[in-house]
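# Here's my sequence, what's the structure:
(2 chains)
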Amino acid sequence: MATSAPAKSEPTAQSRPVVRIGDRVFSALTLAAGILILLTLAGVAIFLLIQSWPVIGAQTTDPEQITGGGFFKYVWPLILGTLISAVIALIVATPFALGIALFTSHMSPRRLAPFLGYTIDLLAAIPSVVYGLWGLALAGNLVPVYRWLAENLGWIPIFAPDAEGTVSQTGRTMLTASLVLAIMILPIITSLVREVFLQTPRLQEEAALALGATRWEMIRMAVLPFGASGISSAIMLGLGRALGETMAVAMILSSGAFTWSLVVTGNQTIASEIAQNFPEAAGLRLSELISIGLVLFVITLLVNMAARAIVARTTVKGN
Amino acid sequence: MSKQIEIKDLDIYYGSFRAVEGVSMLIEPRTVTALIGPSGCGKSTVLRSLNRMHEVIPGAYVDGSVMMDGQDIYGAGVDPVNVRRQVGMVFQRANPFPTMSIKENVLAGVRLNNQRISRKDADDLAERALRGANLWEEVKDRLDLPGSGLSGGQQQRLCIARAIAVQPEVILMDEPCSALDPISTLAIEDLIAELKNEYTVVIVTHNMQQAARVSDRTGFFNIAGTGKPGKLIEYNDTEIIFSNPEKDDTQNYVSGRFG
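Have a look, this model is predicted:
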């Protein structure tokens, strides 16, 4: 079978790439959108830096001026409170999110799956102030649970009762706030993870099933390894939301000094600290609040970068 | 350890759509049986009904029976998981598990059946399966590297090694060479000839030369038109199908005079 390649046409001396006006406009628009994001981010960072400058000045000259007697003494408990509440929320929400996502993507009857999906997405549509109100109602009901925890597991620092040997009488504690946070971040983790699970290549699933895997074994062999990077990025996004969530925590948590115990009054998160104190703040106090905002900004940035790194490291080449 | 398959009056449905109608075949142990026919004629569906893999599509069911050494795999109380452990399958495109190493891929099915297996037994089994798939010499120095790093043909042989590692009775192959170059195809065809010594092999192929080369018996499927069920037109020794078939349809198809 003889085939001959078509003769090559000689490139003309003044051959110029053809430019289409539509392509030009489109690429300019996308470039502008990309730059705008960077500018916004830089703008926020610069604003936070400038506005919190007085705190840095006060820290070097007279730390006693600052609430709590020094910037680090002030911000340290807040960072811990923020991280603790977010991590508890994640620990509670992740197993549920994975379970719901697996159920809706691979286990549930076909008619039920979309309905469940909508219901979970609806959770995301509830305003956080409503969650706050609901959390307040929940708090009172949790008091007996906290009392039981303090009595029986009080030797664990996180369930330790306070100096008088009691727990919070209102239930407006760190644990309540974290549980409400968990419910608030559940939808975002669930729907992201569900999307990842649905992307599992059919060939991989069939490979497992054809080897004689049960449904669960198929999920463990094909779905979970494929979704690993998606799961970690979904968890990180959930963490980002939990770190920044303000209203519900501000309403639920009866804030106070830092304590390891989650069942007594106390603790505070950065976002809630800003929200509760901002209306009356002025001068140096205002700068303090902005400076802890800067800290939150940096933490969130780090979390997102970590998420990116994890995704890049664990991404599976599907086929 | 290979079984006879007897398909009796098999109709296969996807929901209300009848995809395959009235298939009856007797497949002897230690033979290679090729299923040929135009696209959409139901040959892959028939193949997948032999290990109940068509059931992964919701709403799929069969009417009729498939007996393996006298036992109906659609009988009451038969778990499709157990059927699939006896009937291995190789797919159109190689699908090693991307997160697993070559060795883990080979042992994937064994670990499902028998969670505890000593390290030495596992190594021996992996070597046996890889040798059985003519892949051992090529990968013995990189058993712990990901299976996705192999070439397409090697990946397909890895999938065959994975299928034979669980020591099935029957091996089904769904166009195993359609994504491979001629050299890799030859390697797989040689392998099929060897697999025949131990297993019952059923292969779906679009390549008639391949069917003529590798199989002992050939079944020709056809459909009357779109939306009509596929039927088994003729089932006979491969030589007869390709030289002197009884039906005109078969003659037209194998000689390339098909519409």
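# Would you mind listing what in chain B touches chain A?
By the criterion of C-beta under 8 Å from any C-beta of the partner chain, the positions of chain B lying close to chain A are B:51, B:53, B:56, B:58, B:81-82, B:84-85, B:88-89, B:91, B:93-100, B:108-109, B:112-113, B:148, B:159, B:162-163, B:166. Bear in mind the C-beta positions are built from the backbone N, C-alpha and C, glycine included.
# From those, list the buried ones, please.
B:51, B:53, B:81, B:84-85, B:88-89, B:91, B:93-100, B:108-109, B:112, B:148, B:159, B:162-163, B:166 (16 or more other C-beta atoms under 10 Å in any protein chain shown).
# Which of the residues you listed fall within strands?
B:Gly88, B:Met89 (DSSP state E).
# Narrow the buried ones among the residues of chain B next to chain A to those in helices?
Those of those mapping onto helices are B:Val81, B:Arg84, B:Arg85, B:Ala108, B:Gly109, B:Leu112, B:Cys159, B:Arg162, B:Ala163, per DSSP state H.
# isn't B:Gly152 right next to B:Ala179, touching?
Yes - using C-beta atoms under 8 Å, B:Gly152 makes contact with B:Ala179 at a distance of 6.2 Å.
# what is in contact with the two at once?
Both B:Gly152 and B:Ala179 are contacted by B:Ala94, under the criterion C-beta atoms under 8 Å, 6 or more residues apart in numbering or on different chains.
# Which residue of the two possesses the greater neighbour count?
For B:Gly152 and B:Ala179, the more surrounded residue by other C-beta atoms under 10 Å in any protein chain shown is B:Ala179, and the numbers stand at 16 against 13.
# tell me the phi and psi of the nearest residue to that one once chain neighbours are set aside?
For B:Ala179, ignoring the flanking residues on the chain, the nearest one in space by C-beta to C-beta, 6 or more residues apart in numbering or on different chains is B:Arg93 at 5.2 Å. Note on B:Arg93: its backbone torsions stand at phi -110, psi 140 [degrees, to the nearest 10].
# With B:Ile117 instead?
phi -140, psi 130.
# ditto for A:Ser254
phi -90, psi 100.
# so it makes contact with A:Thr265?
Yes - using C-beta under 8 Å, A:Ser254 is in contact with A:Thr265, at 4.8 Å.
# Now do the shared contacts for those two.
Residues touching both A:Ser254 and A:Thr265 by C-beta under 8 Å, 6+ apart: A:Ser168, A:Thr170, A:Arg172, A:Thr173.
# For those, work out which two are farthest apart.
Farthest apart among the shared contacts of A:Ser254 and A:Thr265 by C-beta to C-beta are A:Thr170 and A:Thr173. That separation is 8.3 Å.
# More neighbours: which of these two?
For A:Thr170 and A:Thr173, the more surrounded residue by other C-beta under 10 Å is A:Thr173, and the numbers stand at 26 against 15.
# Could you measure from that one over to A:Gly81?
Distance of A:Thr173 to A:Gly81, given as C-beta to C-beta, to the nearest Å: 12 Å.
# I'd like the average pLDDT over stretch B:120-134.
Averaged across stretch B:120-134, pLDDT comes to 89.
# Just give the closest residue to the closest residue to chain A within the stretch 101-250 of chain B, not the sequence neighbours.
At 3.7 Å from chain A, B:Gly109 is the closest residue in the stretch 101-250 of chain B, using C-beta to the nearest C-beta. Nearest non-adjacent residue to B:Gly109, counting by C-beta to C-beta, 6+ apart: A:Leu211, 3.7 Å away.
# Now for that neighbour: which residues touch it?
B:Arg84, B:Arg85, B:Gly88, B:Ala108, B:Gly109, B:Leu112, B:Arg162, B:Ala163, B:Val166.
# cool, B:Thr238 as well?
Going by C-beta under 8 Å, 6+ apart, B:Thr238 touches B:Ala34, B:Ala211, B:Ala212, B:Ser215, B:Asp216, B:Arg217, B:Thr218.
# tell me which element the third one is part of?
In this case it means B:Ala212. Assigned by DSSP states H and E, B:Ala212 belongs to helix B:208-214.
# List the contacts of the following helix or strand past that helix.
Scanning forward in sequence from helix B:208-214 by DSSP H and E, the next helix or strand is strand B:217-223. With contacts defined as C-beta under 8 Å, 6+ apart, strand B:217-223 is touched by B:25, B:27-28, B:31-38, B:40-43, B:46, B:211-212, B:229-238, B:241-242, B:245, B:247, B:249-250, B:253-254.
# Please pick the buried ones from these.
Of the contacts of strand B:217-223, these count as buried by 16+ other C-beta under 10 Å: B:25, B:27, B:31-37, B:41-43, B:46, B:211-212, B:229-236, B:238, B:241-242, B:245, B:250, B:253-254.
# Can you verify my assumption that B:Pro38 contacts B:Tyr253?
Yes - using C-beta under 8 Å, B:Pro38 is in contact with B:Tyr253, at 7.3 Å.
# what sits up against the one helix or strand B:Val66 maps to?
Following DSSP H and E, one finds B:Val66 within strand B:60-68. With C-beta under 8 Å, 6+ apart as the contact definition, strand B:60-68 has outside contacts at B:3-15, B:23, B:49-50, B:54-55, B:72-75, B:86-87, B:169-170.
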